[in-house]
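Chemist: Provided below for reference: sequence and predicted model.
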Amino acid sequence: MKNIAFIINPISGSRETQNAKKRLPKLIMQTLDAEQWLPNITFTEYAGHATELAHQFARMGFDAVVAVGGDGTVNEVAQGVRGTQTALGIIPMGSGNGFARHLNIPVKPNKALEMLNHSEPISVDYGLANGRMFVSTCGTGFDAVVADQFAGSNKRGFATYLQNTIREAFNYTPQTYHLVGDGLDVTHKAFLITFANANQWGYEALIAPKASVQDGKMDIMLMSSHAILGSASLALRLFAGSIDDSHFMDTLRAKEITLEREEAAPFHIDGDPVEMEKDIHIQIVPDGMRVLVEKRF
């Protein structure tokens, strides 16, 4: 028997998703292999609670701690289990669910639970931005502005995200950035810069199609300041997995880099807006945590 904890964020995702989480404990007990797993189920009560709970379960020697929520919840649980032998599991019940999608974890809760019954832990990388952990992406520029708007919206889901994107796109003024480190010294006026450990923001929006969570590096995606001119083609490429082939995009790869900005501006970590210093040191921690994925036969 293996000990597994489920940490459920009751407020992430849409109202429909929130209601589904109320029924999740029953679904867990019905679906989880009782001969393999001994479950513990708990709900978060405040921001940061998932990290505290995950850390406690890891110290108790749990085999796995499952984040039930969106990328923000995954990030919090990952903070609690990184650097331990306790594996991170994911039941994606948030908005974008980018990290789960990258790992091919089913977005339907019953399918994700069934996957846990025939899963295995693998070692993956995570990132740090001025010491703050990210599992999928972090960045500055237009996407950070949209993340800030989305976080303040009363409605969740892709439609709200798209509305915020369209509303802000034609009002945003690109900034000039300097990237230095790991053999790079680049100055670039950019619409946005994304530092990608995983390949997407969420919703299958593949901002870094070739990014891998097991290569010890990040893909740095720089979108041209003239990107608005090619916004239609960029949107199509984003969901087709070919945005890195656009002449509006440049791709760099590094283990660590320092981002120097003209001034402090919006920044996001795994899609959540955060307060951050003007200059930001970003690095990848290779094989820094274990994650449960579909068993490879």
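Modeler: Here it is on my side, so go on. Numbers count the residues shown, from 1 in each chain.
Chemist: Tell me where the stretch 1-150 of the chain has helices.
Modeler: 15-22, 24-31, 49-59, 71-81, 98-102, 109-116, 142-151 (DSSP state H, counting those that start in this stretch).
Chemist: To Asn9, which of these lies closest?
Modeler: Asn9 sits nearest to helix 71-81 of all the helices of the stretch 1-150 of the chain, at 4.2 Å, using CB to CB. Heads up, the C-betas are built off the backbone N, CA and C, glycines and all.
Chemist: what helices or strands is that closest one leaning on?
Modeler: Helix 71-81 is packed against helix 49-59, strand 64-69, strand 87-92, helix 98-102, strand 132-134, strand 272-274, strand 280-294, with contacts defined by 3 or more CB pairs under 8 Å, 6 or more residues apart in numbering; DSSP states H and E.
Chemist: now these in a markdown table, with mean neighbour count, distance to Ala34 and mean pLDDT?
Modeler: Output for the helices and strands packed on helix 71-81, formatted as a markdown table (neighbours: other CB atoms under 10 Å; distance: least, CB to CB, whole Å; pLDDT from 0 to 100):
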| stretch | mean neighbour count | distance to Ala34 | mean pLDDT |
| --- | --- | --- | --- |
| helix 49-59 | 20 | 19 | 98 |
| strand 64-69 | 29 | 15 | 97 |
| strand 87-92 | 28 | 17 | 98 |
| helix 98-102 | 27 | 24 | 96 |
| strand 132-134 | 22 | 33 | 98 |
| strand 272-274 | 18 | 35 | 92 |
| strand 280-294 | 19 | 17 | 98 |
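Chemist: now those as a markdown table including distance to Thr251?
Modeler: A markdown table is the format used below for the helices and strands packed on helix 71-81 (distance: least, CB to CB, whole Å):
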| stretch | distance to Thr251 |
| --- | --- |
| helix 49-59 | 32 |
| strand 64-69 | 29 |
| strand 87-92 | 27 |
| helix 98-102 | 17 |
| strand 132-134 | 18 |
| strand 272-274 | 24 |
| strand 280-294 | 15 |
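Chemist: Among the helices of the stretch 1-150 of the chain, which comes closest to Ser246?
Modeler: helix 142-151 (15.2 Å).
Chemist: residues contacting Gly83?
Modeler: Gly288, Met289 (CB atoms under 8 Å, 6 or more residues apart in numbering).
Chemist: now swap in Glu76 and tell me
Modeler: Taking CB under 8 Å, 6+ apart as the test, what Glu76 contacts is Thr44, Gly48, His49, Ala50, Thr51, Ala54, Ala67.
Chemist: Give me the local confidence score for it.
Modeler: Glu76 is assigned a predicted lDDT (pLDDT) of 98.
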